[in-house]
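Student: compute the structure for the input listed below.
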Amino acid sequence: GKTVYLYTDIDMNNRAFSGIGDVNRFFRGTFDGQNHTISNLKINISDDRVGLFRNTENATIRKLKVSSANITGSKRGTAVLVGYEKGTLTISDCHVTGASVTGGAVDGHSYTGGFVGESKGKLTISNSSYSGNVTASGGGDVGGLVGFAETDGTGFYNCTVGTASSRAKITLTGGNSNRIGGLLGCFFGDGTVTVNNCNVFASEINTVGEYAGGLIGKHYGHSNINNCNVTANLIKCAGGCDAGGIIGWIEDDETVIKNCNVNVYEIYGQVNAGGIFGCYSGDTEGNIISDCSISFTSIKANSGNGRA
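Tutor: As a prediction, this is how the structure comes out:
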């Protein structure tokens, strides 16, 4: 595909905008923001796949800043940058500040994230940050950067959600409100997710449903997590199951977590709660957890286990 360059800052002045493309048209190519800023971006449409780019396929987005974005979708796949992606998507050196993302739901899934709503291809996000709120109602899979991903090789490198002085608020309300994470709501696949040198600063990662994690809400597959930090007032799943400082629930036999720090006031799981995992379901062969620290005031579960 071709490369599109942004040559100047753009103030959208909160004018009505539906995003680039539609549910049937994909952006295929490279968008280079050249470190310019799109400000006061407002998108509010009653449809799937809502964002600056509604659909991408084999695309790259780099060196783009977005300030004061307000993104609202009523169905599945809502985010500031990309509603839905397939093939490959590489996002690098992108920074979103002062954002608010609100997703809807279809058939129990919301797929709502700060950067990407629904990822069906190999997704890589590096050297990027998101500051603001992410929320959805009536469906699951909500994350500070990505709502849902499923492909081997998905990776997050040198990424930050929130700041020390302005923490992100990530919430899920209503029925079927399951799977919420500081970076990624849910990974559903047989491959590996890599998370290196990432930081989450959150006031709350909170669902009325099930599965909440400081980095990942619910995780099927392998994980390789290194040098990450989670700082939060609250990580909570009130409706059932598991809350964890790193991952809420994981089913895996090759989990590697090294040099990670969790600093949380309260972790609450309706069934299980833990400083690293809320619940681990799988063979422990090949698992490595080393050089990690946990600082907390309260880890508690209503009907299961509360543990570090």
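
Student: report the central residue of the protein.
Tutor: The structure's the chain has its C-alpha centroid closest to Gly143; by C-alpha atoms, centre = their mean the separation is 2.7 Å.

Student: and the closest residue to it other than its chain neighbours, how many residues sit next to it?
Tutor: Using C-beta to C-beta, 6 or more residues apart in numbering and skipping the chain neighbours, the partner closest in space to Gly143 is Gly185 (3.9 Å). All C-beta spots, glycine's among them, are computed from the backbone N, C-alpha and C. Residues lying near Gly185 (other C-beta atoms under 10 Å) number 38.

Student: repeat for Ile289
Tutor: By other C-beta under 10 Å, neighbour count at Ile289 equals 14.

Student: surely it and Ile276 touch.
Tutor: Yes: checked against C-beta atoms under 8 Å, the pair Ile289 and Ile276 is within contact range at 6.4 Å.

Student: what sits in contact with each of those two?
Tutor: Contact with both Ile289 and Ile276 is made by residues Ile257, according to C-beta atoms under 8 Å, 6 or more residues apart in numbering.

Student: doesn't Tyr7 make contact with Gln34?
Tutor: Yes: between Gln34 and Tyr7 there is a contact at 6.9 Å, judged by C-beta under 8 Å.

Student: please identify every residue contacting each of those two.
Tutor: Common neighbours of Gln34 and Tyr7 (C-beta under 8 Å, 6+ apart) do not exist.

Student: thinking again about what came up before, so what pLDDT did the residue nearest to the centre of the chain get?
Tutor: Gly143 is assigned 98 on the pLDDT scale.

Student: residue numbering should commence at 474 henceforth.
Tutor: With the count now opening at 474, the last piece we talked about shows up as Gly616.

Student: residues contacting it?
Tutor: Per C-beta under 8 Å, 6+ apart, neighbours of Gly616: 585-587, 607, 643, 653-659, 689-690.

Student: and the strands in the stretch 524-673 of the chain, which stretches?
Tutor: Per DSSP state E, counting those that start in this stretch, the stretch 524-673 of the chain carries strands over the ranges 526-540, 543-546, 555-565, 568-576, 582-586, 589-592, 595-610, 613-616, 619-622, 628-634, 641-646, 653-654, 657-669, 672-680.

Student: where does pLDDT dip in the stretch 674-781 of the chain?
Tutor: 726, 756-758, 776-781 (pLDDT under 70).

Student: 80 instead?
Tutor: 713, 725-726, 755-759, 775-781 (pLDDT under 80).

Student: how close does Tyr693 get to Gly655?
Tutor: 18 Å (C-beta to C-beta, to the nearest Å).

Student: and these two? which has more neighbours close in?
Tutor: Between Tyr693 and Gly655, counting by other C-beta under 10 Å, Gly655 is the more crowded of the two (32 against 18).
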